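>>> just need the structure, nothing else, for what follows:
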Amino acid sequence: MGAVLGACSCASWVPCLCSSASCLACSCCPHTRSSTVTRALYALVLLLGTGVACVMLSPGVDQQLRRSSKDPRAAIHNGFWFFKIAAIVATTVGSFYIPDRPFTPTWFVVGSGGAFCFILIQLVLLVDFAHSWNESWVDNMERGNPRGWYTALLVTTAFNYITSVVTVVLLFVFYTRPDDCAVNKFFISFNVVLCVVASLLSVLPKVQEAQPRAGLLQSSVITMYTMYLTWSAMTNEPDRTCNPSLLGFIQQKADPTLAPLENQTAVVMVGTEQPVPTSPHLQWDAQSVVGLAIFILCILYSSIRSSRTSQDNEQDMVQYSYSFLHFMMLLGSLYIMMTLTNWYSPDSEYDAFTGKWSAVWVKITSSWVCLALYTWTLVAPVILSNRDFS
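Residues are numbered from 1 along each chain as shown. Below is the predicted model:
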């Protein structure tokens, strides 16, 4: 009760502190200019913040604030699964009653931003996976049977690069025209040049001296993923000429009597009373399936990687941030939402879905960020030679 009365008493002084007139607390101070008092108060707040920071850095406070499995939040995080599943079911059922507008266009923007952030997190996991993979095989090669592990390393690297080259050829065949599709030609050519530069950079003597574990295996993995992002970006272009349906092309080759279907859209016959059945390949999209598979692999890798360092079941301290984990799950759900809908615009007709250029630029930008991140992991030990990057 006394604490409540004290808080109310302190609150009564707030208008005095916010007023430009002289207050009771400052009546004993000599008359000075307002600018001088303002600077002095800001300096006092800075000193107060510095003192609080010093206190928070003390070992005793650090031990008291360290969270463990005994924290009340841990019980909510690790248990109450019945209520959590019930909340998921209720949210799923309630989503069917959400009106289309203005929720759907707004949520498309939110989903695009969240999916882009999750793609960046996937890039970090991919770069870490490439380095861990190479280090593991190099360690096995140094411990024993060097010829066998060297052959496996060489074959895997060659396979990744051959797959990337085949992908580039297919992208030029299907997503470019001799007199059109200049944007697609730029995307493919520019990313190929960046991948070649990153690959050459990984085998430079300076880079090898600063980071002996750097090599072409990591570069081949990054190159293959970059080609996937390039393909995925071009499948969202609204231009039908530069964005054909690969499945429709295969179907036309199998049965030449069928008309080619552009971008997996249904052909509507004017003047007929019965609607034309939707083509079978409208039910799924190849790049969405690949994106979903990469998502699952990244989730499994992050789980396995983090479990290797967990030894005490969080009795002394938590092994990860609960808040960050749930934020990651939020971004992951937004990424899955955009992947399963193929980043289609929500204002499109159901029988003629179209992509948007915003989705194209989100994906192509993420490919450039991927290459920039990997390049930084190569040159950082050379530039910042005094730091330990092991």
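
>>> helix or strand right after the host helix or strand of residue 118?
Assigned by DSSP states H and E, residue 118 belongs to helix 103-143. Remark: after helix 103-143, the chain's next helix or strand is helix 146-174, criterion DSSP H and E.

>>> run the angle between the helix holding residue 118 and helix 146-174 for me.
Calculated by axes from the mean of the first three to the mean of the last three CA atoms, to 10 degrees, helix 103-143 forms an angle of 150 degrees with helix 146-174.

>>> by contact count, what packs against helix 103-143?
Contact partners of helix 103-143 among helices and strands, from 3 or more CB pairs under 8 Å, 6 or more residues apart in numbering; DSSP states H and E: helix 146-174, helix 216-234, helix 286-307, helix 322-340, helix 357-383. Heads up, the C-betas are built off the backbone N, CA and C, glycines and all.

>>> what about residue 167, neighbour count?
Close neighbours of residue 167, defined as other CB atoms under 10 Å, add up to 18.

>>> and what of the one 10 residues further on?
The burial metric for residue 177, expressed as a neighbour count using other CB under 10 Å, is 12.

>>> contacts only, for it.
241, 242 (CB atoms under 8 Å, 6 or more residues apart in numbering).

>>> quick one: pLDDT of it?
Residue 177 is assigned a predicted lDDT (pLDDT) of 83.

>>> for residue 188, see how far away it is.
13 Å (CB to CB, to the nearest Å).

>>> circling back: avg pLDDT for the helix holding residue 118?
81.

>>> let's have the chain start at 423 instead
All set: I'll call the first residue 423, so the last point we hit is now helix 525-565.

>>> rewinding a little: ranking the helices and strands packed on helix 525-565 by burial, who's on top?
helix 638-656 (a mean of 24; mean count of other CB atoms under 10 Å).

>>> what angle separates that one from helix 779-805?
Using the same axes, to 10 degrees, helix 638-656 lies at 160 degrees relative to helix 779-805.

>>> that older thread, need the helices and strands packed on helix 525-565 in TSV with distance to residue 537 and mean pLDDT, can you?
Listed next are the helices and strands packed on helix 525-565 as TSV, based on distance: least, CB to CB, whole Å; pLDDT from 0 to 100:
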stretch	distance to residue 537	mean pLDDT
helix 568-596	22	88
helix 638-656	11	87
helix 708-729	10	68
helix 744-762	4	78
helix 779-805	7	85
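
>>> can I get these in CSV including distance to residue 603?
Putting the helices and strands packed on helix 525-565 into CSV (distance: least, CB to CB, whole Å) gives the following:
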stretch, distance to residue 603
helix 568-596, 10
helix 638-656, 9
helix 708-729, 18
helix 744-762, 24
helix 779-805, 13
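
>>> which one of the ones you listed lies closest to residue 552?
Of all these, helix 638-656 sits nearest to residue 552, with 3.8 Å by CB to CB.

>>> what helices or strands is that closest one leaning on?
Using 3+ CB pairs under 8 Å, 6+ apart: helix 638-656 touches helix 525-565, helix 568-596, helix 604-624, helix 708-729, helix 779-805.

>>> so for residue 642, which of these sits nearest?
Residue 642 lies closest, by CB to CB, to one member of the helices and strands packed on helix 638-656: helix 568-596, at 3.4 Å.

>>> next, the angle helix 604-624 makes with the closest one.
160 degrees.

>>> still on that earlier bit, which one, of the helices and strands packed on helix 525-565, ends up nearest to residue 519?
Using CB to CB, the nearest of those to residue 519 is helix 744-762, at 17.9 Å.

>>> count the residues that sit near residue 611.
Residues near residue 611, counting by other CB under 10 Å, number 13.

>>> which pLDDT value goes with it?
Reported pLDDT for residue 611: 92.
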